[in-house]
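Asker: no FASTA, just this:
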C-alpha cells in the first residue's frame, strides 16, 4: 500500500497548478462580476492537454484515468472555482460516450473536446426532476428514422456553449419499472427547436455557463441514442460514479485554497499587536481545516482509485462526494470568518470560494442523496 | 609585505564605483593585518584612472594593451593568471559585477585560489579567510571560512562598503609587460548596447512608487499609478516586474536597471534582493510594504508595513484624495 | 545542434518562514516545496527554443538525490530529449567547484554545441558552477546572457551589464553560457509533454562511475570549509508601522507628507 502519488501524477498536479496560477487570478474577478468567460482560456487549457485526459488515445485523449482528470480539477478549482468549472466541465458527458457510445459517436465527438474545438454537456435535471431523475418527463418519441424530443431541462452546465448535449429522455413512459423508462440521446445544440437560455444571478462559479434548455419537436437521427434504449437510469448511475470523484476534487481544491488563503492572511494580519496566527482560536481553525482537507482528499483518492480500477464503489464515491462538499463549505466559511470584513467583499478570493462551495452540496447528487446511497449500502444487505 | 589585490573595474573610460568600494575594504583589511593594497588595472590608455587609484592604493600595477580596452574574459584571464601566479597576493578582490562575476570563477580555477563570491564582509584571521554572504534569497546570512591557501579570491557585493575616495596615498605605478596571449578561446567583444527610450527618467524623480512581484498581476498596476499620481510620484519597479514586461525595462530600479536617489522611495511588494537595494538604498526616506516580515527590504527601509499592498494602497490613496 | 543544460532543484523560499537546523549548517527543509531553480528554468526554455529553431537534441543534467529527478522530468516535459541524474549524496557539503567537478564528470563525454546553466541558483547564489564548468572543459563562455543568436559555427550573445546596458559578444562553438532571468518566457508543462517522459529512461550515474573520489567532492574537496547560517534580525533599521489598517495608513500618509509628498 502506498499513499504517494506516482511521479507522473505529481507532475500532472504541478503542471496544472502552474497553469492555473499563471492564467486564472488575473481574470477571476472580472468573470465573476460580469458572469462571463473568455473561451480562449479554455482553448489554451486544451492546447496544454488539460481537458479530457481520461479520453482514450484513439480519440485524441491522453488515455489517463478519471483520477488524473480529478487531480487537474483540484488544482484548477484551487486557483479559481469559476474558471476551473468553465474549463474542466467542457468534457462533461464524454464519460457517457466512452462508456456507452457507439464507435461513430466517439469518433465524431471526443477528439473535438480534447482539441478545444467543442464543448459538451449532459442534460438531466428538469424543473420538476432534480434528486429524482427517474421522474424526468422530457420525451423522445420514434418517428421514422428520427427521435422527436420535447421537454425542458434546467440548470444545464454548458447549455449555451456546448456543441452537443447528451439529453436524458423518457423513451418508454409505459414501462412498469420507473428505472427502465429513460434513454440518453445525443442532441446537437444547433438542432432546430432547441433553445438555450443562460441563467443569470448564480451565487457562485459565475464564469461557468448554466442554462435552461427547451426542446420543442427537436429531431435527431435514431443512431443518436447513446447506449441501450431503456437503460438510461442505470447508465446515469455509472456516469455519476465517474463524475462524482471529479466533484470531490472540486471541493478538495476549493477547501485547500481556503486553507492556503487563510494561512497567508493570519500570518500577515495584526490585531491587538500580534498576528492573528498567534491566537489559539485561529490556530485551531487552521488545524481543523487542514485535517478536513486531508481527510476529504484521501477519501476521494480512494474513491477515484476504485473507478480507475474498473470497480467503482458506489457507496464510497457517495461518501467522498458528500464529505468533500461539506468540508468545502465549512472551510470556505472559516476562511471568510478569519478574513473578517475583507472576506465579505467580492474582490477577496475567499469570498468567491465561499459562494462557489455551496453548489458542491447540490449538484451531481445532493448531500441528502449521497447519504441515502451510503445508508442503503449499509442497511439493505 | 603581503599584498591585497584590487582588480580595478572600468567601462567606456569610466572607473566603476565598485573599485573604490573594494579599495575601502582592501585598505581596512590591510591596516588590520599589516598588509599593502595594490590596484591592478588592465586596459588601454588608462592614465586618468591610474591617477584616481594612486590616491587609495599603495601600488598600482598597469597592463596596457588594445585587447584589454573592453572587458573580455579571454584576455583578462590570461593577463591576471600570470600576474597572480607571479606575485602571489594574499587576497584578490574582484567586484561582484557583470564583469567580476564573469571573470572570477575561471580565474580561481586557473590560479588555484579558493573563491567566495558575492561577499558582504571579509575578514582575514590567522591563516584563513572568513566571509559573510547571503543565501536563500537574502533571507539567511551565511558565515564562511575558506581552506588555508596562499591566495584567496573574493567577489565583493556592490554597495556594501563606502567609497574609499582619496586616502591621501600616492602610489607608484608599475607597468607590467603584456604577455604573449595564450589559452585564448575566441571570445570577441563586439559592442555596448544601451536602450534608448523616450520613457520618463525615473532617476530624475523626487518621489518613486516602486512595485515588485507582490503586485501579483499587471491589472493591479493602475491602482499603484493612481496612488503615485495622488502623491506626485513616478512609478518604477523591481526586476521581476520588468522581466514579465508588466512595466518597461526603463522603469527598473537596481543593478541592471537604474540607480535612483529620490527624496521618498516607496517599495511595494518588493522583497529587496541586493541587486535592487543597490539601486535605491541611498534614497532619503524609504517606506516598504511587504507581506513577508522577514523580507530583506525591511533592512534598508526607514519605515516598514507588514501587509498586502493590495489592501494598503487603496486606503492610503484615499488619505491623499481626502486631504 | 546539441545543447546540454545543467539544472538544479532548490527549495522554494520566497513565501516560506525559514528556520535553521540545530547544527546551523542548513535550513530546515522539512516543510518546503522544491522547484527547479528559476534561472535554470529559463535555461531549459532557451535550449528547447534553440532546438525548435535549429534542430538538434537537448540533454539535461542534475546532481543530487533521487528526488531531484523531478526537475529532470519537468525539463523533459518542456521539450528536452534526454536526462542524466548524478545520484550522489557525497556532494552534500560540496562548494561550487565540487559541484562543477561532478557535472564535468558527465559533460566531458558528451558532444554538444552549447552548454547552458542558470547564472546562479536561488539557494546558494554563488554564480560559479556554470563558469567553472566552462573552464574545466576549456570552452569559450559568456555569463549573464539575455539573448542568443546562432550563426555559422558561432553564436552572438547578449550579456546584461549594469545600468540598463548590454554587451554584445561573439563566441565560437562549442561554448558555455549562463542564462539570466527574463531571456524568454518559460512555457507551461503540458500533459503531452508529461506523457512523453514515460518513454524516456533517465540515465543515472554516481561519483564512483565518474571516477571521482571522496576527497575531490564533498566537504573534503571543498575550499569552503565551514558554513554557519544565521537569520538576520528582522526589520533591521526600519521602524515598523503597526495598528489597524487605517492607523497604519494615517502614519504612512503623515510620513509621506512630512518628507515632501503632495498634500
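Answerer: Sure thing, it's come through. Source: prediction; values computed, not measured.

Asker: List the buried residues of the lengthiest helix in chain C.
Answerer: Secondary structure of chain C per DSSP state H: the longest helix is helix C:38-54. Buried residues in helix C:38-54, counting neighbours by 16 or more other C-beta atoms under 10 Å in any protein chain shown, are found at C:38-51. Heads up, the C-betas are built off the backbone N, CA and C, glycines and all.

Asker: In terms of secondary structure, what does the helix or strand that it is followed by contact?
Answerer: Remark: after helix C:38-54, the chain's next helix or strand is strand C:57-64, criterion DSSP states H and E. Applying 3 or more C-beta pairs under 8 Å, 6 or more residues apart in numbering or on different chains; DSSP states H and E, we find strand C:57-64 packed against strand C:2-6, helix C:38-54, helix C:69-78, strand C:82-87, helix C:96-107.

Asker: Measure how strand C:57-64 sits relative to helix C:69-78, angle-wise.
Answerer: 170 degrees (axes from the mean of the first three to the mean of the last three C-alpha atoms, to 10 degrees).

Asker: Give me every residue in the stretch 51-200 of chain C lying close to chain A.
Answerer: Counting by C-beta under 8 Å from any C-beta of the partner chain, the residues of the stretch 51-200 of chain C close to chain A are C:69-70, C:73-74, C:77, C:188-195, C:197-198.

Asker: quick one on the thing from earlier: distance to residue B:128 added to the helices and strands packed on strand C:57-64, as TSV?
Answerer: Rendered in TSV, the data for the helices and strands packed on strand C:57-64 read as follows (distance: least, C-beta to C-beta, whole Å):
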stretch	distance to residue B:128
strand C:2-6	30
helix C:38-54	30
helix C:69-78	35
strand C:82-87	30
helix C:96-107	17
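
Asker: Using a markdown table, lay out those together with mean pLDDT.
Answerer: Conversion of the helices and strands packed on strand C:57-64 to a markdown table gives the following (pLDDT from 0 to 100):
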| stretch | mean pLDDT |
| --- | --- |
| strand C:2-6 | 97 |
| helix C:38-54 | 97 |
| helix C:69-78 | 96 |
| strand C:82-87 | 94 |
| helix C:96-107 | 93 |
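
Asker: still on that earlier bit, out of the residues of the stretch 51-200 of chain C next to chain A, flag the one nearest to residue A:57.
Answerer: residue C:195 (9.2 Å; C-beta to C-beta).

Asker: roughly how far apart are the closest one and residue C:78?
Answerer: According to C-beta to C-beta, to the nearest Å, residue C:195 and residue C:78 sit 13 Å apart.

Asker: So between these two, which is more surrounded?
Answerer: Just comparing residue C:195 and residue C:78: by other C-beta atoms under 10 Å in any protein chain shown the higher neighbour count belongs to residue C:78, 22 against 19.

Asker: Would you map out the domains in chain B?
Answerer: Domain ranges of chain B: B:3-175, B:202-321, per automatic domain parsing.

Asker: hey, which of those domains is tucked in deepest?
Answerer: Highest mean neighbour count among those (mean count of other C-beta atoms under 10 Å in any protein chain shown): domain B:202-321, with a mean of 22.

Asker: Could you pull up the mean pLDDT of that one?
Answerer: For domain B:202-321, mean pLDDT is 88.

Asker: now for the longest strand belonging to chain B, which elements pack on it?
Answerer: Longest strand in chain B by number of residues (criterion: DSSP state E): strand B:115-125. On a contact count with 3+ C-beta pairs under 8 Å, 6+ apart, strand B:115-125 meets helix B:17-33, strand B:91-95, helix B:98-111, strand B:128-135, strand B:152-156, helix C:96-107.
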